[in-house]
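Undergrad: everything below, folded, please.
(2 chains)
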Amino acid sequence: EAGVAQSPRYKIIEKRQSVAFWCNPISGHATLYWYQQILGQGPKLLIQFQNNGVVDDSQLPKDRFSAERLKGVDSTLKIQPAKLEDSAVYLCASSFPGVYEKLFFGSGTQLSVL
Amino acid sequence: GEDVEQSLFLSVREGDSSVINCTYTDSSSTYLYWYKQEPGAGLQLLTYIFSNMDMKQDQRLTVLLNKKDKHLSLRIADTQTGDSAIYFCAPADRGSTLGRLYFGRGTQLTVWP
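TA: Have a look, this model is predicted:
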């Protein structure tokens, strides 16, 4: 069974530039999550989708971050404009319907903002 | 939100047992999870325990839950060098958002040969 796919693996940008990350969840997983993991900290939930609808985006900095999940499968997370403090690993995860806490994580995108 | 505290580092010798501790603040957490993160990788679910249980054993892993003290521990028997990783305790919030996990900062386990 294929896992959660994320790209790119690494990204280096300058502050005020924009960047986008892509995630393809495990087939059949209706719930998709984006987490931000700053170095030395645990992952923090940014946004949770159920199919193509947003369940929770309370911790998403909406002035600069946006996410979409068109057609309820792939998802993209965008940052525009990026700040230095956005340097982190962005993890995508998915789970089976009804088994929300058993998350399957991708390897993440490591973002460095210079 | 929930506060989750873990000690940051643990070092053990290969073959010994490892015990990773975690405290949390939200008594309504109904599921409590342990995730493992190896360098450069995402998190991998190790095991979990329901809040109505005191203990769960899963091969080399033993989870103990003290709900009164809001304390969770993960014991790894016969620790191997391949167990070196960061371990995250993650209580699940079954409140307004289904499946919301709160992660601690993680415990870096180093296993010496």
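Undergrad: where's the residue nearest in space to the middle of chain A relative to chain B, distance?
TA: In chain A, the residue lying closest to the centroid (Cα atoms, centre = their mean) is residue A:34, at 3.0 Å. Between residue A:34 and chain B the computed distance is 12 Å (Cβ to the nearest Cβ, to the nearest Å). In short, each C-beta sits where N, CA and C put it, glycine included.
Undergrad: and that residue, helix, strand or coil?
TA: For residue A:34, the secondary-structure state derived from DSSP: H, G, I helix; E, B strand; the rest coil is strand.
Undergrad: tell me what it is bridged to.
TA: residue A:47, residue A:92 (DSSP bridges).
Undergrad: surely it touches residue A:54?
TA: No - counting by Cβ atoms under 8 Å, residue A:34 does not reach residue A:54; the two are 10.9 Å apart.
Undergrad: between those two, which contacts overlap?
TA: Here residue A:34 and residue A:54 have residue A:47 as joint contacts, going by Cβ atoms under 8 Å, 6 or more residues apart in numbering or on different chains.
Undergrad: hmm, back to that, in contact with the residue nearest to the centre of chain A: list those residues for me.
TA: Residue A:34 neighbours (Cβ under 8 Å, 6+ apart): A:23, A:45-47, A:67, A:75, A:77, A:90-92.
Undergrad: can you redo these as TSV with neighbour count and pLDDT?
TA: Supplementary listing: these in TSV, determined by neighbours: other Cβ atoms under 10 Å in any protein chain shown; pLDDT from 0 to 100:
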residue	neighbour count	pLDDT
A:23	26	97
A:45	23	91
A:46	20	95
A:47	24	94
A:67	22	97
A:75	23	97
A:77	23	98
A:90	23	97
A:91	28	95
A:92	27	96
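Undergrad: so which of those is the closest to chain B?
TA: When these are compared for distance to chain B (Cβ to the nearest Cβ), residue A:91 wins out at 5.6 Å.
Undergrad: test my guess that that closest one contacts residue A:37.
TA: Yes - Residue A:91 is within contact range of residue A:37, at 5.9 Å (criterion: Cβ under 8 Å).
Undergrad: hey, what's in contact with both of the two?
TA: Common contacts of residue A:91 and residue A:37 (Cβ under 8 Å, 6+ apart): A:43, A:108.
Undergrad: residues from chain B in reach of chain A?
TA: Within reach of chain A by Cβ under 8 Å from any Cβ of the partner chain, chain B has these residues: B:4, B:31, B:33, B:35, B:40-45, B:48, B:88, B:90, B:92, B:97-101, B:103-106.
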